[in-house]
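In: sequence first, predicted model second:
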Number of protein chains: 4
Amino acid sequence: MCRWLAYSGSPLLLEDLLYKPEHSLIDQSLHAKLGVETTNGDGFGVAWYGEEAIPAVYKCVDPAWNDRNLRELSRHIRSRLIFAHIRASTGTPVQQSNCHPFRKGRWLWMHNGQIAQFHDIKRELALAIHPSLYGDLEGSTDTETFFFLALTLGLEENPPEAVERAVGLIETVARAHGIEEPVRMSVAVSDGENIWAFRYASKNVPPSLYYSTTVETLREMHPDVSIFQTLSPESRLVVSEPLGSRVGAWNEVPSSHYGVIREGADKLKIFTPRH
Amino acid sequence: MCRWLAYSGSPLLLEDLLYKPEHSLIDQSLHAKLGVETTNGDGFGVAWYGEEAIPAVYKCVDPAWNDRNLRELSRHIRSRLIFAHIRASTGTPVQQSNCHPFRKGRWLWMHNGQIAQFHDIKRELALAIHPSLYGDLEGSTDTETFFFLALTLGLEENPPEAVERAVGLIETVARAHGIEEPVRMSVAVSDGENIWAFRYASKNVPPSLYYSTTVETLREMHPDVSIFQTLSPESRLVVSEPLGSRVGAWNEVPSSHYGVIREGADKLKIFTPRH
Amino acid sequence: MCRWLAYSGSPLLLEDLLYKPEHSLIDQSLHAKLGVETTNGDGFGVAWYGEEAIPAVYKCVDPAWNDRNLRELSRHIRSRLIFAHIRASTGTPVQQSNCHPFRKGRWLWMHNGQIAQFHDIKRELALAIHPSLYGDLEGSTDTETFFFLALTLGLEENPPEAVERAVGLIETVARAHGIEEPVRMSVAVSDGENIWAFRYASKNVPPSLYYSTTVETLREMHPDVSIFQTLSPESRLVVSEPLGSRVGAWNEVPSSHYGVIREGADKLKIFTPRH
Amino acid sequence: MCRWLAYSGSPLLLEDLLYKPEHSLIDQSLHAKLGVETTNGDGFGVAWYGEEAIPAVYKCVDPAWNDRNLRELSRHIRSRLIFAHIRASTGTPVQQSNCHPFRKGRWLWMHNGQIAQFHDIKRELALAIHPSLYGDLEGSTDTETFFFLALTLGLEENPPEAVERAVGLIETVARAHGIEEPVRMSVAVSDGENIWAFRYASKNVPPSLYYSTTVETLREMHPDVSIFQTLSPESRLVVSEPLGSRVGAWNEVPSSHYGVIREGADKLKIFTPRH
């Protein structure tokens, strides 16, 4: 399993997100509380949108906690929309091409969870990827295939529908192979303007997923936290697990739901795979 | 392009093969003479057969010339059948899963050359891989796909025929896409007992490939070279380029030929793709 | 803090030591029980004696648990005397030159613990290293300096006395700087024939250290464990923490003691720094 | 030997400096023309000044030509003062702590060349480093020691004098050891406002060093080069070797000279070691 965070709002230094919070993502790389494993040391990735439509992606196979370059970059890179992911491999190799976030044009994709028995259904899923995309596969993770399926099924036009179709397709293929719980997922997607965050499991409880409450609420509850005072009212975080223990700062995304974060119109909607 | 060597014979320290010769593979990693690029610094791999049927494989993404572990291991590992490969990427990522040699059970495979416009025909070639093998693809190179096609087409029963079939299939697919020179290759294969070494190009000149003359000849011509004195008469090397400049020590494998190295019966035969 | 093991006895595959035990060193890299940190993911090293007097050393900056080369090598390398170490950095960079074991000629050295406020007394300690050795310092750890001090103070003639002198020197320098607990250590040293294992702290409790009971005892108590049946009576393990939970298999090295493992004459002696 | 470039002027994307020129630093990593080795593949480093006084430093042990992160960052990071360095090790390990540029507070330092027989005089030079700095040594290169000597001798007050003193000290120590050509160097230093670039050899010819002619001249001579049209008149480059073959674009720094690049007042002065 893995841990991730997605941020949208007032431009922030990566450092403020990745290192400064009490239970930051870097802290989670050694001491995750809500995942299957406490250690997420099999590589990491950070992506951010800058002046260009296409976001920057920095990936590394070292554990995030001891990567000096990440610390350096974090003190100098500021962005209004940031994705960060720390990996705990479920078997596929630790290589940059298996690190999240994945990117296609201006789209980013990252994932915590897994497609069960992916090895057995990898070929069938890969065949469902649009032929024009297939050649761009570089790694061997279930997440990259999942992303390419969503792209094939219309991610760039209608992200929620495309993800619902991709999950539907994976479930159909998996069940034909007798796999009972095909999908456990918390997925984040962005086009540089919006963030979509999905939480779902074919059966039982999906991976944990939280979003920050409104900045106004946070400010009132925690007048002592300086960073909350300077963020714009629209600033939001979606995270695998809360970055601290403050009461009221975090809401759980319910199972089989997805959230949309965009200026002036956050929403929480029901997620239903389309078979 | 890349450089490689394959050795069969009296057990040798890796060091004797990789570091000691005048124009050793390590020297070739910085100063290759017969390849397209002089530098082969995009990772490397070494494999050797020991007590077990399944060979050991050591792969690394660093340049071979500055890898201290390779130097350490080379002083301590001795084997009667050794493969070594230094990589110059033609575009795919520098990651261990893209380093040669590739292994399946007791079989090893390494390659210098390329499948032209591989990106465009990757999907069609991947579909021709046996479904039971597809899930084991870990990297993104043309070489891994080529190996899996050869396995699909009977490598473990009849290596020369399987390689001829794989090349035939690649050429057929490529030409349907208007690719004029689909294959340039020098390939080495082993099962732990035999080495097969192939040299072929669909058109024009294939990558360079040489094999050592008989140890008896070498001994007479070079009484000063101590290593030649202790090797058994059956010991043989196949290399991308000669490891030194001694007259008479190396023979070129002719284009569209393959050699078989095995006890008591080396052979040179014609290679013809089967379409 | 770190975890390590040292083995002497019947030649064993590295795999049997590093991967197969219930709470193996690889398991400890993710789930250490007796150290300050549960994760030891800041690089690792393995060294073994073979045909030559000088041992081989393989070091890597990745976490041990996801290093495929270590797994490969472990299945093929067999030795009668093995050192292995997994690192949890206390601040110095994660680089091969900071990984243990350290080597000088036929001598190996590895360490769990730390010299307190090393940064502040590094220069003074370095000046005490013999000038002919100083130029060989390659990394920045307290352990490398400690090793070089022991070499300076006669490690190659009388290891216990040299370590007692080195600790005495470190304590003297540290206390002059007002450092209260200069040394916490469990150190292993070998010359290829003997293993010396030291456990000491200037104050309070030193890092944990255990040695295996006699093979005969182990065999009687655990007739079901196949590996115990084939080892010679002299085979011994010294470890940071037991490799399993079997009653009677492990003895704690008392604080301020060191053990000597050699053919026919294991001993446990008192360790007293010499100031 | 190594290759480097230093830039000061209108904010530029790293990409424009590192990748776009005809004979860019990345091209030089594979095909250097004026150095001892054509390949500079033993790690690299880039540093740039941003909003903060302290510059960012990104270092990596891979060859620059195949580092995907460098390519990503280069498309997104823009700076008015940039240092970049590609390394060809002369023996010390390939590790981040041995990559240039080195940093202390807001100061950057990088080097091409070497201190002859550094191993033999390392201790004596290290003893001349101010005790308060000694503990910060992290690597094992001559360059880091050279930098720390310059800091000890007043780099932050008067850079040219401090470098002259440091070279004087190195020459004195070296000659006492019978070393005939102690120093060959091209060094760049910056405090975020000025760049000082030194070219010197104790004997014979120092490493190559060039600076760009005025932007006005460049514009007149090369109306076709778009990047020249948008840079401010003050923009300057100092490089190990010219980034292209245009006549008139580059001037050689004479031996035993140093240049100062700062707003409104570039200068070329004589460099004389102070013993």
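Out: Everything's here; your move. Numbers count the residues shown, from 1 in each chain, chains lettered A, B, ... in the order given.
In: now stretch A:125-142: mean pLDDT?
Out: Average pLDDT, stretch A:125-142: 96.
In: quick one: is it near chain B?
Out: Yes - under the criterion of CB under 8 Å from any CB of the partner chain, stretch A:125-142 makes contact with chain B via A:126-127, A:131, A:134-140. (C-beta placed from N, C-alpha, C; glycine too.)
In: other residues contacting that stretch?
Out: The set of residues external to stretch A:125-142 that reach it, using CB atoms under 8 Å, 6 or more residues apart in numbering or on different chains, is A:92-93, A:95, A:97-98, A:104, A:114-115, A:118, A:122, A:144-145, A:148-149, A:151-152, A:169-170, A:173, B:92-93, B:97, B:119-120, B:122-123, B:126-127, B:134, B:137-140.
In: before we move on, what about stretch A:239-255?
Out: A:2-6, A:21-25, A:28, A:32-35, A:112, A:186, A:197, A:199-201, A:205-213, A:217-218, A:221-222, A:237-238, A:259, A:268.
In: out of the residues you listed, which are buried?
Out: A:2-6, A:21, A:23-25, A:28, A:32, A:35, A:112, A:186, A:197, A:199-201, A:206-213, A:218, A:222, A:237-238, A:259 (16 or more other CB atoms under 10 Å in any protein chain shown).
In: go through the residues you listed and flag which are in strands.
Out: A:3-6, A:112, A:186, A:197, A:199-201, A:210-212, A:237-238, A:259 (DSSP state E).
In: what about A:Thr266, distance to C:Gln117?
Out: No Thr there; residue A:266 is Asp. From A:Asp266 across to C:Gln117, the span is 50 Å (CB to CB, to the nearest Å).
In: in stretch A:226-243, what counts as buried?
Out: For stretch A:226-243, using 16+ other CB under 10 Å, the buried residues are A:228, A:231, A:234-243.
In: now do the same contact list for A:Trp48.
Out: With CB under 8 Å, 6+ apart, A:Trp48 has these contacts: A:14, A:55-56, A:77, A:79, A:81-83, D:76.
In: which two of those residues lie the greatest distance from each other?
Out: A:Phe83 and D:His76 (14.3 Å; CB to CB).
In: which of those two has more neighbours?
Out: A:Phe83 (29 against 21; other CB atoms under 10 Å in any protein chain shown).
In: checking that one next. Helix, strand or coil?
Out: strand (DSSP: H, G, I helix; E, B strand; the rest coil).
In: quick one: it and A:Leu108, what's the gap?
Out: From A:Phe83 to A:Leu108 the distance is 5 Å (CB to CB).
In: shared neighbours of the two, anything?
Out: A:47, A:55, A:101, A:188, A:190.
In: what is the burial count for the third one?
Out: The reference is to A:Pro101. 27.
In: repeat for the fourth one
Out: Number of residues near A:Ala188 (other CB under 10 Å) recorded here: 27.
In: bridged to the nearest residue to it once chain neighbours are set aside, which residues?
Out: Nearest residue to A:Ala188, sequence neighbours excluded (CB to CB, 6 or more residues apart in numbering or on different chains): A:Ala6, at 4.5 Å. Per DSSP bridges, the residues bridged to A:Ala6 are A:Phe83, A:Val238.
In: ok, A:Glu216 to chain C distance?
Out: According to CB to the nearest CB, to the nearest Å, A:Glu216 stands 38 Å off from chain C.
In: need the contact list for A:Tyr215.
Out: Actually, residue A:215 is Val. It isn't Tyr. Per CB under 8 Å, 6+ apart, neighbours of A:Val215: A:9, A:228, A:231-235.
In: swap in A:Gly178?
Out: Contacts of A:Gly178 (CB under 8 Å, 6+ apart): none.
In: tell me if I am right that it is in a strand.
Out: No - under the criterion used here (three-state DSSP), A:Gly178 is coil, not part of a strand.
In: and it, how close does it get to chain C?
Out: Going from A:Gly178 to chain C by CB to the nearest CB gives 30 Å.
In: give me the pLDDT for that residue.
Out: Predicted confidence (pLDDT) for A:Gly178: 97.
In: now swap in A:Val225 and tell me
Out: 66.
In: how about A:Met221?
Out: 66.
In: ok so, going back, which of the shared contacts of A:Phe83 and A:Leu108 sits closest to D:His177?
Out: So of these, ranked by how close each gets to D:His177 (CB to CB), first place is A:Ala47, at 52.0 Å.
In: how about A:Val205, nearest residue that isn't a chain neighbour?
Out: A:Ser255 (6.7 Å).
In: quick one, helices of chain A?
Out: For chain A, the helices defined by DSSP state H occupy A:14-18, A:25-31, A:68-74, A:118-127, A:131-134, A:142-152, A:159-176, A:215-221, A:226-230.
In: follow-up on the earlier one: quick one: which of the contacts of A:Val215 sit in strands?
Out: A:Gly9.
In: and chain A, which residues reach chain C?
Out: Neighbours of chain C within chain A, by CB under 8 Å from any CB: A:30, A:37-39, A:41-42, A:61-63, A:65-66, A:68, A:89, A:93-94.
In: ok, so of those residues, who is nearest D:Glu181?
Out: For the residues of chain A next to chain C, with D:Glu181 as the reference and CB to CB as the criterion, the closest is A:Arg68, at 34.8 Å.
In: C:Gly91 is in contact with that closest one, correct?
Out: No - using CB atoms under 8 Å, A:Arg68 makes no contact with C:Gly91, being 11.6 Å away.
In: between the two, tell me which one has more neighbours.
Out: A:Arg68 (15 against 10).
In: can you name the residues that contact the more buried one?
Out: So A:Arg68 contacts C:93, D:59, D:96 (CB under 8 Å, 6+ apart).
In: again, 7 Å this time
Out: D:Gln96 (CB atoms under 7 Å, 6 or more residues apart in numbering or on different chains).
In: confidence score at it?
Out: For A:Arg68, pLDDT reads 95.
In: now do A:Pro242
Out: pLDDT, read off for A:Pro242, is 88.
In: hang on, A:Phe147 packs against A:His100?
Out: No - judged on CB atoms under 7 Å, A:Phe147 makes no contact with A:His100 at a distance of 9.1 Å.
In: residues contacting the residue nearest to A:Gly154 when sequence neighbours are not counted?
Out: Of all residues not flanking A:Gly154 in the chain, A:Ala162 sits nearest, at 4.3 Å (CB to CB, 6+ apart). A:Ala162 sits next to A:150, A:153-155 when contact means CB under 7 Å, 6+ apart.
In: what do you get if the cut-off is 8 Å, keeping everything else the same?
Out: So A:Ala162 contacts A:150-151, A:153-155 (CB under 8 Å, 6+ apart).
In: please check those residues and keep the buried ones.
Out: Here, 16+ other CB under 10 Å leaves A:150-151, A:153, A:155 buried among those.
In: now A:Lys59: how far from A:Asn98?
Out: 9 Å.
In: A:Glu156 contacts A:Phe147, doesn't it?
Out: No - if you go by CB under 8 Å, A:Glu156 and A:Phe147 don't touch, sitting 11.9 Å apart.
In: between these two, which one's more packed in?
Out: A:Phe147 (29 against 13).
In: the nearest residue to the more buried one once chain neighbours are set aside bridge partners, please.
Out: Excluding its sequence neighbours, the residue lying closest to A:Phe147 (CB to CB, 6+ apart) is A:Trp109, at 4.2 Å. With DSSP bridges as the criterion, A:Trp109 is bridged to A:Phe102, A:Val189.
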